[in-house]
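Enquirer: build me a structure from this.
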Amino acid sequence: IEKLESVARKEGIEIIKSPASKSIEVYSATAKLAGNVGAIYLPNDNTVVAALDGIVRAADENHIPTLASDDQSTKNGILASLANNQYLVGRDTGKIVARILQGESANKIPVQVSEQAELSLNELTAKKLNLDVSA
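Expert: Now for the predicted structure:
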């Protein structure tokens with residue numbers, strides 16, 4: 001969150017947090033943002049994913065675009081996501097595991113960050129929000 005806030009500040013974007021510690025709180029935390037935000041960003045979080053239906057319902061009712069870092073969320077009504085392809089991440093992880101199984105020390109293998117993010121867009125949600133996404 002701190003990194004996101006730092007980048008957002010540099011871009012002139014204000015972050016308004018609306019936390020929910022339980023899935024049952026997520027709908028009201030989302031609805032509370034109505035009139036105060038131009039879009040909602042959903043981090044990849046178990047509580048958020050478990051309550052995705054409520055987020056989509058609250059965002060749709062209040063015409064708030066939603067963005068996520070989980071590509072499966074767009075299939076469930078979120079407007080757009082920019083996320084790692086989990087298949088490719090798994091394949092890369094398998095290559096690291098193979099190196100370890102062949103005797104290479106895990107301590108000697110550098111941490112790898114996936115650079116394979118893919119954009120997903122839910123055109124039905126875009127229509128609900130009257131957004132032209134043809135370009």
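
Enquirer: tell me the pLDDT at residue 114?
Expert: As summarised for this prediction, residue 114 has a pLDDT of 79.

Enquirer: now do the one 5 residues further on
Expert: At residue 119, the model reports a pLDDT of 91.

Enquirer: so it touches residue 81, yeah?
Expert: Yes: using C-beta atoms under 8 Å, residue 119 makes contact with residue 81 at a distance of 7.4 Å. For every residue, glycine as well, the C-beta is placed using N, CA and C.

Enquirer: more neighbours: which of those two?
Expert: residue 81 (23 against 10; other C-beta atoms under 10 Å).

Enquirer: against residue 112, how distant is the more buried one?
Expert: With distances taken as C-beta to C-beta, to the nearest Å, residue 81 is found 22 Å from residue 112.

Enquirer: any idea how far residue 113 is from the residue of the chain positioned farthest from its centre?
Expert: Ranked by distance from the centre of the chain (C-alpha atoms, centre = their mean), the top residue is residue 103, with 36.2 Å. In this view, residue 103 and residue 113 are 25 Å apart by C-beta to C-beta.

Enquirer: for residue 82, same thing?
Expert: Relative to residue 113, residue 82 is positioned 14 Å away (C-beta to C-beta).

Enquirer: more neighbours, those two?
Expert: residue 82 (13 against 6).

Enquirer: quick check: that one is in a helix.
Expert: No: counting by DSSP: H, G, I helix; E, B strand; the rest coil, one finds residue 82 to be strand, located in no helix.

Enquirer: could you pull up the residues touching it?
Expert: Listed by C-beta atoms under 8 Å, 6 or more residues apart in numbering, the contact partners of residue 82 are 67, 69, 117, 118, 119, 120.

Enquirer: among those, name the ones in helices.
Expert: Of those, none are assigned to helices by DSSP state H.

Enquirer: can I get these in JSON lines including distance to residue 36?
Expert: Converted to JSON lines, these look like this (distance: C-beta to C-beta, whole Å):
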{"residue": "67", "distance to residue 36": "16"}
{"residue": "69", "distance to residue 36": "22"}
{"residue": "117", "distance to residue 36": "28"}
{"residue": "118", "distance to residue 36": "30"}
{"residue": "119", "distance to residue 36": "26"}
{"residue": "120", "distance to residue 36": "26"}
